[in-house]
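Colleague: requesting a structural model of the entry that follows:
(one chain, ligands or ions: 1)
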Amino acid sequence: MIENRVHNFNPGPAALPLPVLAEIRDEFLNYKGSGMSITEVSHRSKWFDEVISDAKSRVKRLLKLNDDYHVLFLQGGASMQFCMAPMNLIPGGQPADYVNTGTWSTKAIKEARIQGKKVNVVASSEDKNFCYIPRDISFTKGAAYVHLTSNNTIKGTQWAPFPDTGDVPIVCDMSSDIMSRPFDVAPFGLIYAGAQKNIGPAGVTLVIIRDDMVKRVPENIPTMLKYSTFVSKNSMFNTPPCFAIYTCQVVLKWLEETIGGLENMEKINREKGSILYDVIDNNDFYQGTAEMDSRSFMNVTFRLPSEELEKEFVAEALGNGLGGLKGHRSVGGCRASIYNATGIDAVQTLVDFMKEFARKK
Ligand SMILES: *Cc1c(COP(=O)(O)O)cnc(C)c1O
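Modeller: So this is what the prediction gives:
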């Protein structure tokens with residue numbers, strides 16, 4: 001079909017499904033008979049209006065959201081949400097609970113504290129370099145929310161199941177595992193995800209916010225940083241990232257119509273993870289870095305016997321058409337990011353390579 005494409009294990013921006021890229025290519029010069037590219041039309045046009053409403057409906061169907069939830073497309077990445085969530089959702093001197101499970105949680109905590117918010121770090125896995133998900137946490141009664149990072153992209157851990165927070169709504173950074181598995185949204189007041197890991201290109205952030213959370217938004221914060229602005233203007237207070245939203249729409253269509261929804265997606269993701277962890281567990285050459293019961297099915301992190309061998313592994317893998325296997329610069333080692341768009345065939349090719357590499361050394 002298309003030659004010279006690598007098996008893509010990039011952590012983000014990351015792989016997109018090939019049929020999605022082909023569809024975008026095919027309609028790029030003349031979008032649905034408009035005589036223009038979707039990047040060239042007004043965000044107020046009927047063409048773009050259909051794109052954004054279809055994307056919203058698909059998010060609602062895929063996650064089984066009821067009408068209490070608003071689906072928004074914002075800019076500034078997940079990192080902007082580290083700032084917006086506390087700014088909008090922690091009223092007055094109320095405390096908020098945060099669970100620190102890695103680099104991204106740490107950043108979220110910092111942004112809430114910068115604003116003078118009262119942050120309780122109710123649990124942390126920092127004592128063991130974030131290699132596990134804390135359990136049996138006592139949450140603060142009357143907290144504004146509990147902040148979680150559902151999948152820790154850099155450390156290779158993932159929440160399963162989510163903790164019971166009682167009446168306190170969960171605010172969750174799902175950047176690296178949104179749409180990878182079904183879950184019950186009822187306890188969640190806010191979900192946000194930079195698109196570039198699992199649902200699209202960089203440049204747009206999916207935000208899902210429950211109506212009672214929108215009602216908390218104070219008047220006296222900047223218009224562009226208020227969730228209520230984007231709820232009332234259908235994410236189009238100003239020009240939205242049109243092309244990124246369109247790409248997400250095509251990905252969401254693929255998820256619904258080709259994959260068949262999140263139950264099927266989870267099955268595929270579980271299989272991919274199992275194939276990889278199986279090699280790691282049954283070959284002394286590879287050492288998984290996350291504790292077994294906390295392992296991520298999106299980012300599989302592992303070490304080789306030495307840093308020299310890790311360098312060699314990453315380079316030789318790339319020579320064999322397997323890209324993106326270097327661990328995050330802050331932790332080293334190796335990481336295979338196996339988001340929705342990375343297929344079982346890619347994972348199978350990777351484990352064959354891993355077995356052969358270990359045998360030769
Ligand atoms: C990548 C990532 C981020 C940062 O996202 P930006 O869109 O670059 O701001 C935040 N949280 C998690 C869990 C991530 O994986």
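
Colleague: how about the residue of the stretch 251-361 of the chain found nearest the ligand, phi and psi?
Modeller: Using Cβ to the nearest ligand atom, the single residue of the stretch 251-361 of the chain nearest to the ligand is residue 299, 8.3 Å away. Yep, even glycine has a C-beta here, placed from its N, CA and C like the rest. Main-chain dihedrals, residue 299, degrees, to the nearest 10: phi -130, psi 110.

Colleague: that one and residue 337 touch, don't they?
Modeller: Yes: with contact defined as Cβ atoms under 8 Å, residue 299 reaches residue 337; the gap is 5.0 Å.

Colleague: and the residue of the stretch 251-361 of the chain closest to the ligand, how many neighbours?
Modeller: When neighbours are counted by other Cβ atoms under 10 Å, residue 299 registers 29.

Colleague: separation between it and residue 157?
Modeller: Using Cβ to Cβ, to the nearest Å, we find residue 299 at a distance of 9 Å from residue 157.

Colleague: now swap in residue 227 and tell me
Modeller: In terms of Cβ to Cβ, residue 227 sits 28 Å off from residue 157.

Colleague: would you mind measuring from residue 148 to the ligand?
Modeller: According to Cβ to the nearest ligand atom, to the nearest Å, residue 148 and the ligand sit 10 Å apart.

Colleague: host element of that residue?
Modeller: Assigned by DSSP states H and E, residue 148 belongs to strand 146-149.

Colleague: what does the very next helix or strand once past that strand rub up against?
Modeller: Using DSSP H and E, the helix or strand that follows strand 146-149 in sequence is strand 151-152. With contacts defined as Cβ atoms under 8 Å, 6 or more residues apart in numbering, strand 151-152 is touched by 101-105, 130, 157-159, 174-177, 180, 296, 298-299.

Colleague: can you map out the strands along the stretch 1-150 of the chain?
Modeller: With DSSP state E, counting those that start in this stretch applied, the stretch 1-150 of the chain shows strands at 7-8, 69-74, 95-100, 118-124, 146-149, listed in chain order.

Colleague: which residues sit against the first one?
Modeller: So that's strand 7-8. Residues outside strand 7-8 that contact it (Cβ under 8 Å, 6+ apart): 14-15, 321-324, 341-342, 345-346, 349-350.

Colleague: quick one: strands adjacent to that strand?
Modeller: strand 322-323 (parallel) (DSSP bridges).

Colleague: for the partner strand, which outside residues touch it?
Modeller: 6-10, 317, 346, 349-350, 353.

Colleague: distance of residue 179 relative to residue 110?
Modeller: For residue 179, the distance to residue 110 (Cβ to Cβ) stands at 27 Å.

Colleague: pLDDT weak spots in this structure?
Modeller: Applying pLDDT under 70 to the chain picks out residues 1-2.

Colleague: which element is encountered next along the chain beyond the longest helix along it?
Modeller: If you go by DSSP state H, the chain has its longest helix at helix 262-281. Using DSSP H and E, the next helix or strand after helix 262-281 towards the C-terminus is strand 287-288.

Colleague: hey, C-alpha coordinates of the next helix or strand after that following strand in CSV?
Modeller: Counting by DSSP H and E, the next helix or strand C-terminal to strand 287-288 is strand 299-303. What follows is strand 299-303 as a C-alpha-only set of coordinates in CSV (Å, rounded to 0.1, in the frame of the first residue of the first chain):
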residue,chain,number,x,y,z
ASN,A,299,2.9,3.1,27.6
VAL,A,300,5.0,0.1,28.3
THR,A,301,8.3,1.1,30.0
PHE,A,302,11.3,-1.2,30.4
ARG,A,303,15.0,-1.3,30.9
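
Colleague: so who does the closest residue to the ligand within the stretch 101-250 of the chain touch?
Modeller: Using Cβ to the nearest ligand atom, the closest approach of the stretch 101-250 of the chain to the ligand is made by residue 194 at 2.8 Å. Counting by Cβ under 8 Å, 6+ apart, residue 194 touches 12, 77-79, 175, 202, 205.

Colleague: cool, thanks, talk later.
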